[in-house]
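Undergrad: below are the sequence and a predicted model; questions follow.
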Amino acid sequence: MTRTSDGPHEGPPSPRRTGFPAEVRDAVSLRAALLVIGVLALQLAFITSYIGAFHEPKPHRIPLAVVTPSVTADDETVALLASLPGDPLDPRAVADEAAARRQIEDREVDGALVIGPRGPDRLLVAGASGASLAQALTEVVAAVEKAQGRTLEVVDVVPGSPGDARGLSSFYLVVGWCVGGYLCAAVLAISAGARPANPERAVIRLGVLLVYAIVAGLLGAVIAGPVLDALPGSLPALWGLGALLVFAVGAVTLALQGLAGIIGVGLAILLVVVLGNPSAGGAYPYPLLPSFWRTIGPALPPGAGTFAARSIAYFRGNGAGGPMLVLAAWAAGGAAVTMVCALLRRRTAEPVEPRSAG
């Protein structure tokens, strides 16, 4: 600004930079560039996780009950199966075939080898636990039987529903519930800012999420059960599982948004989709996954949900208690973190009253 006799007056404006490079600098902010880099990292993590989990499935310590005519034969057979290269089986002796069937139905083992004094041996499998798992177990045991000069008959004691091709319907139902959970939470947050402005708004978001979870759980169970006839089992139990799963995933998404803002949506996708889905035991159950995915799967919502859904559909709910507790912990933890973030945000936003001079 310069001064003249008539008063101050502005100097000539600085020339505006033009050209494509200048437009790029104006259009692409540092924040936008970092978000794009984050998306690229998420994409590469997705590729790595899925291919890493599925590119080379190998059986690892598949729980197997063993029934033989004598105690001596028990010890010999268990020792033989336990010494196979790569540890594909985790054999344990049981008293009789009835006990072996109970353990399969209780989801304590994934199969049972029944060796009779005469005739072919029998391998009891549970196709409802996943066709790939039953197939892998059959291949391992059949190779051992062939090497021993024995014949093997395979019996599916817990078959999947005719409408549940390869036992994947439980997994796809859970994936749908998880997608609904984090998308609902993302929409609630993005519609009015990623972080809840106050505890009241956080309670409203959690309340809306709960209503959505109840409706989504019911509709998903109805579609998978009565409508498509893909999954048998208790409709109310599947409904309850779906409602808990949707709320858990949504609450975790809200919590991550409270901690990291809009980046929290990406973190939720990383947790549920990138890490959770390939480790869920859907396409390949846990004993066929590499150690990293086999370890994290039961602790993440997709894995807990898939195991519980199969238990409800085919095993009268046996084995579903642990996964349901996992989902309840995610739900409670997500809701608690969401509220804490909102309370802390309110405290930092409150103005500090100046102290009086006296």
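TA: Sure, I can see it. As the structure is a computational prediction, the values presented were derived from the model and not from experiment. Residues are numbered from 1 along each chain as shown.

Undergrad: which regions of the stretch 201-350 of the chain sit below the pLDDT cut-off?
TA: Residue ranges of the stretch 201-350 of the chain with pLDDT under 70: 348-350.

Undergrad: quick one: the helices in it, in order.
TA: Per DSSP state H, counting those that start in this stretch, the stretch 201-350 of the chain carries helices over the ranges 235-260, 263-269, 291-296, 301-314, 321-349.

Undergrad: out of the ones you listed, nearest to Ser169?
TA: Ser169 sits nearest to helix 301-314 of all the helices of the stretch 201-350 of the chain, at 8.0 Å, using Cβ to Cβ. For the C-beta atoms, the positions are set from N, CA and C on the backbone; glycine is no exception.

Undergrad: number of nearby residues for the closest residue to Val125 other than its chain neighbours?
TA: Leaving aside its chain neighbours, Val125 sits nearest to Ala134 (4.1 Å; criterion: Cβ to Cβ, 6 or more residues apart in numbering). Applying other Cβ atoms under 10 Å, we find 25 residues neighbouring Ala134.

Undergrad: could you do Gln103 as well?
TA: The tally of other residues near Gln103 (other Cβ under 10 Å) stands at 20.

Undergrad: pLDDT averaged over stretch 47-61, what's the number?
TA: In this model, stretch 47-61 has a mean pLDDT of 95.

Undergrad: please disregard the earlier target; I meant stretch 182-191.
TA: The model assigns stretch 182-191 a mean pLDDT of 88.

Undergrad: tell me which residues of it are tucked away?
TA: 182-186, 188-189 (16 or more other Cβ atoms under 10 Å).

Undergrad: can I assume Lys58 sits in a strand?
TA: No: read with DSSP: H, G, I helix; E, B strand; the rest coil, Lys58 is coil and lies in no strand.

Undergrad: so what's the closest residue in space to Ala335 that isn't next to it in sequence up against?
TA: Closest residue to Ala335 apart from its sequence neighbours, by Cβ to Cβ, 6+ apart: Ala251 at 4.8 Å. By Cβ atoms under 8 Å, 6 or more residues apart in numbering, the contact list for Ala251 reads 185, 206, 209, 330-331, 333-335, 338.

Undergrad: ok, back up a step: which stretch of helix or strand covers the residue nearest to Val125?
TA: helix 131-147 (DSSP states H and E).

Undergrad: okay, which residue is most central for this protein?
TA: By Cα atoms, centre = their mean, the mean C-alpha position of the chain lies nearest to Pro302, the distance being 1.9 Å.

Undergrad: can you tell me which residues contact it?
TA: 174-175, 178, 272, 276-277, 279-280, 282.

Undergrad: switch to 10 Å and redo it
TA: Neighbour list for Pro302: 171, 174-175, 177-178, 245, 249, 271-273, 275-282 [criterion: Cβ atoms under 10 Å, 6 or more residues apart in numbering].

Undergrad: before we move on, what about Asp229?
TA: Taking Cβ under 10 Å, 6+ apart, one finds 161-164, 169 in contact with Asp229.

Undergrad: ok, residues contacting stretch 316-324?
TA: 102, 104-108, 233-234, 237, 240-241, 244-245, 298-299, 301, 303-312.

Undergrad: what residues sit buried inside it?
TA: Neighbour-count burial for stretch 316-324 flags 317, 319-320, 323-324 (criterion: 16+ other Cβ under 10 Å).

Undergrad: how far does stretch 50-70 stretch from start to finish?
TA: By Cα to Cα, to the nearest Å, the extent of stretch 50-70 from end to end equals 45 Å.
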